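Participant: sequence? don't have it. structure:
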């Protein structure tokens, strides 16, 4: 008798589940400025205007899976103290429910950036950055043109709290500093980035300055190894020069000069 009851419960439970497919959100958050996983982000899910559930991302940026019954309109608000909030919508309505699997997984990776006095992103609290929905085949999809337009709107609003003069001065120095970094001119780049910081004293500028400082230290070490290696090479102290060129190559593997000299030394040593 007990076995029959258990079987009835299993059958009825399975039947109920099969009639109610759900969407499972797999949310991962990261820091937009650093690219690293971002924990402590509150994930608020609303059905209509009513709070449906609330979770928080762990240190690895992952939130517990969120299950949403289909045939509903949901919005997901991602917020963290000191960061610009973002809004995402989910339309789980679908005409052919019987064609949907019992579980549809919607992976979602969201990037949050820190607030800054130069920014004015109040519209992001009301306008979704992306609208998810089912396509005609019951797969995750979104309006690419809408999202492209929102990203452009975000970019245009990046410095809308700055005057035209400050904006021009900032962009000239900030992007000029980054360009100098690409050519390993870190000391010059640092001067420009610090000028940019005088106008926009925000996390993403400070982070770039720190990168430039580290690059300057590496460049100084690289130059010292190269200068010593060249001196040893001129003195025909090939083994010692080889170590110095190898050390320089380890600092900047993409640089051809130490690699070419190492090949030259190898040939010299092989002929001895």
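Facilitator: Thanks, I have it. Since we're looking at a predicted model, the values are computed, not measured.

Participant: okay, CA-based contacts and neighbour counts for the rest of this
Facilitator: OK.

Participant: so who does residue 24 touch?
Facilitator: Residues counted as contacts of residue 24 (CA atoms under 8 Å, 6 or more residues apart in numbering) are 65-68, 103-106.

Participant: out of those residues, who's the most crowded?
Facilitator: For the contacts of residue 24, neighbours were counted using other CA atoms under 10 Å, and residue 68 has the most, 22 neighbours in all.

Participant: turn the contacts of residue 24 into JSON lines, including secondary structure, distance to residue 128 and pLDDT.
Facilitator: Listed next are those as JSON lines, based on DSSP: H, G, I helix; E, B strand; the rest coil; distance: CA to CA, whole Å; pLDDT from 0 to 100:
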{"residue": "65", "secondary structure": "coil", "distance to residue 128": "21", "pLDDT": "89"}
{"residue": "66", "secondary structure": "strand", "distance to residue 128": "19", "pLDDT": "86"}
{"residue": "67", "secondary structure": "strand", "distance to residue 128": "20", "pLDDT": "87"}
{"residue": "68", "secondary structure": "strand", "distance to residue 128": "18", "pLDDT": "87"}
{"residue": "103", "secondary structure": "strand", "distance to residue 128": "24", "pLDDT": "75"}
{"residue": "104", "secondary structure": "strand", "distance to residue 128": "22", "pLDDT": "77"}
{"residue": "105", "secondary structure": "strand", "distance to residue 128": "20", "pLDDT": "81"}
{"residue": "106", "secondary structure": "strand", "distance to residue 128": "17", "pLDDT": "82"}
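
Participant: among those residues, which one lies nearest to residue 138?
Facilitator: residue 104 (8.6 Å; CA to CA).

Participant: was I right to think the closest one contacts residue 26?
Facilitator: No. In this structure, residue 104 is not within contact of residue 26 by CA atoms under 8 Å, at 10.6 Å.

Participant: thought residue 28 was touching residue 58?
Facilitator: No. Judged on CA under 8 Å, residue 28 makes no contact with residue 58 at a distance of 9.3 Å.

Participant: who's more crowded, the two?
Facilitator: Remark: of residue 28 and residue 58, residue 28 carries more neighbours, 21 against 17, as counted by other CA under 10 Å.

Participant: off-centre distance for stretch 212-221?
Facilitator: Distance, stretch centre to chain centre, for stretch 212-221: 25 Å (CA atoms, centre = their mean, to the nearest Å).

Participant: contacts for stretch 238-257?
Facilitator: Residues contacting stretch 238-257 (CA under 8 Å, 6+ apart): 218, 221-223, 225-226, 228-233, 258-259, 261-262, 265, 269.

Participant: weed out the non-buried ones from the residues you listed.
Facilitator: The neighbour-count test (16 or more other CA atoms under 10 Å) marks 218, 222, 225-226, 229-230, 232-233, 258-259, 261-262, 265 as buried among these.

Participant: out of these, which one sits closest to residue 211?
Facilitator: The closest of the buried ones among the contacts of stretch 238-257, once distances to residue 211 are taken by CA to CA, is residue 218, at 10.7 Å.
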